[in-house]
Every structure is written in structure tokens, then in C-alpha cells.
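1. requesting a structural model of the entry that follows:
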Amino acid sequence: MEEQFILRVPPSVAEQIERLMNESAAGSSSNPEDASLDLSFSEDGRSGTFMIGNQSFPASLLDLPAIVESYKTYDDSFLVKTADIGQMVMVRQEDDPAPEGVEYKHGLAPPMRDARRRRYRREPDLSADLVNRVENDLISIMQGVSVNQNASVVGAGEGSDPKKAAPARASKPEAQEPAANGEEAEPDRTDSDESDN
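-> Reported below is the predicted structural model:
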């Protein structure tokens, strides 16, 4: 597999990159300094500088909210997976604010707008003491040992207050009652009965 990333640039930079690619494909490069692209990062590995020609733009390496698969084809018929992409280099103008944190909250396409908040559940705020206590209680219950905590739970089958009995479920009568005028009552019909007619 190849190593790949998404490069997101402002529209003006995208036009310059497209022009450079067209010139290099045609083999007509007027000035080699204008045709240079460079991406360098600082020591933290998350912020850096994107240079195109003599212009420099701030860049940030961000984690995408979901893995994006990339494919390539040689004959427009068969696709070959080339990489799983999980990061994006975002190039911005000098006056644009830097993104918050290392995780990008949006995906690449409009349906993935604000994906981190809408699609993924937040981690619950649990203390380590509570998790350890509940884990120990569950282990005790599985071993058949009673756990005392405001109510006594013994074994797996016995529960809360023995004075409160579960209400008995009323049984449904099998036979249908006759109609009030002496005729036979029509049986209850379901949707499938009506479709047969």
C-alpha cells in the first residue's frame, strides 16, 4: 500500500497548483522557481509551511473523523485500492485562524459536516473508582456472592423487594364472545386477510 494524505488548499492556491501541473505535463516551464512546491513541518509534526513558488502559506496536519479509501484504475473498469487515508494537510491563508486541536471535526464531503459531533458518541464521564467498584460487583455477582449496597442482591435470580410481587399477566381468552344481537361475531381480520379479497 502507498502512503497518502489529503491536501486541502484555498481556491487561489488550487489554481496555481493546477497551472503548474499543466505546465509540467506540457513540458513548458518558464521559470523553475515558480514551479517549486514544498511542504515542511515544525518539530511538533502538526504545523508547518506550504510553499508554492515564492509564496508561503501556513499548514496544519489534521486527523480526519473517518478513514477514507483511495483507489486508482488504469482502464476505467477495474479499481485497485491504494491506501487508507486518515490525515489531511490543510493549507490556509495567512489571515485565516488555525484549526483547534489535531482532530478535524468535518469530513471531506458535505454529508460529513460536523461528523465528530453528529456521528460519534461522546465518551462518558466516569471516574476510575466507579468503574473498578462496578467491575468488582459484577465479578462477585457472577460468582454467586451477595453484594450489599442499600439493597441485598443474592445470586442472579433474586432481585429487589420480596414484598412486591410482580403482577400476574392476564390471560387472553381464546374463544370469541358472541355478538350482542345473537349473530355470530366476525373473526378479527388482519391486514393479510384483507389482501386476499
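
2. OK, contacts around residue 104?
-> 62-65, 88, 90 (CB atoms under 8 Å, 6 or more residues apart in numbering). Any C-beta I mention is one placed from the backbone N, CA and C, and that applies to glycine too.

3. ok, now residue 37?
-> Here residue 37 is in contact with 17, 20, 50-52 (CB under 8 Å, 6+ apart).

4. confidence score at it?
-> pLDDT recorded at residue 37 is 84.

5. I'd like to know which elements the helix or strand where residue 18 lies is packed against.
-> Element membership for residue 18, per DSSP states H and E: helix 11-26. Applying 3 or more CB pairs under 8 Å, 6 or more residues apart in numbering; DSSP states H and E, one finds that helix 11-26 contacts strand 47-52.

6. about what we covered before: quick one: buried residues of the helix holding residue 18?
-> For helix 11-26, the neighbour count (16 or more other CB atoms under 10 Å) marks 13, 16, 20 as buried.

7. can you check stretch 90-98 too?
-> 90-92.

8. hang on, residue 142 in a helix?
-> Yes: note on residue 142: a helix contains this position according to DSSP: H, G, I helix; E, B strand; the rest coil.

9. residue 118: which of the contacts of residue 104 is nearest?
-> Set against residue 118, the nearest of these by CB to CB is residue 65 (9.7 Å).

10. what pLDDT, on average, does stretch 97-115 get?
-> 83.

11. lowest average confidence, helix or strand, in this structure?
-> When the helices and strands of the chain are compared on mean pLDDT, DSSP states H and E, strand 151-153 comes out lowest with a mean of 43.

12. re earlier: got the CA coordinates for the helix holding residue 18 in PDB?
-> Extracted C-alpha coordinates of helix 11-26, given in PDB (Å, rounded to 0.1, in the frame of the first residue of the first chain):
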ATOM      1  CA  PRO A  11      -9.100  28.200  -4.300                       C
ATOM      2  CA  SER A  12      -6.300  30.600  -5.300                       C
ATOM      3  CA  VAL A  13      -3.600  28.100  -4.400                       C
ATOM      4  CA  ALA A  14      -5.500  25.300  -6.200                       C
ATOM      5  CA  GLU A  15      -5.500  27.400  -9.400                       C
ATOM      6  CA  GLN A  16      -1.700  27.800  -9.100                       C
ATOM      7  CA  ILE A  17      -1.100  24.100  -8.500                       C
ATOM      8  CA  GLU A  18      -3.300  23.200 -11.500                       C
ATOM      9  CA  ARG A  19      -1.400  25.600 -13.700                       C
ATOM     10  CA  LEU A  20       1.900  24.200 -12.500                       C
ATOM     11  CA  MET A  21       0.700  20.600 -13.200                       C
ATOM     12  CA  ASN A  22      -0.500  21.600 -16.700                       C
ATOM     13  CA  GLU A  23       2.800  23.300 -17.500                       C
ATOM     14  CA  SER A  24       4.900  20.400 -16.200                       C
ATOM     15  CA  ALA A  25       2.800  17.900 -18.200                       C
ATOM     16  CA  ALA A  26       3.300  20.000 -21.300                       C
END
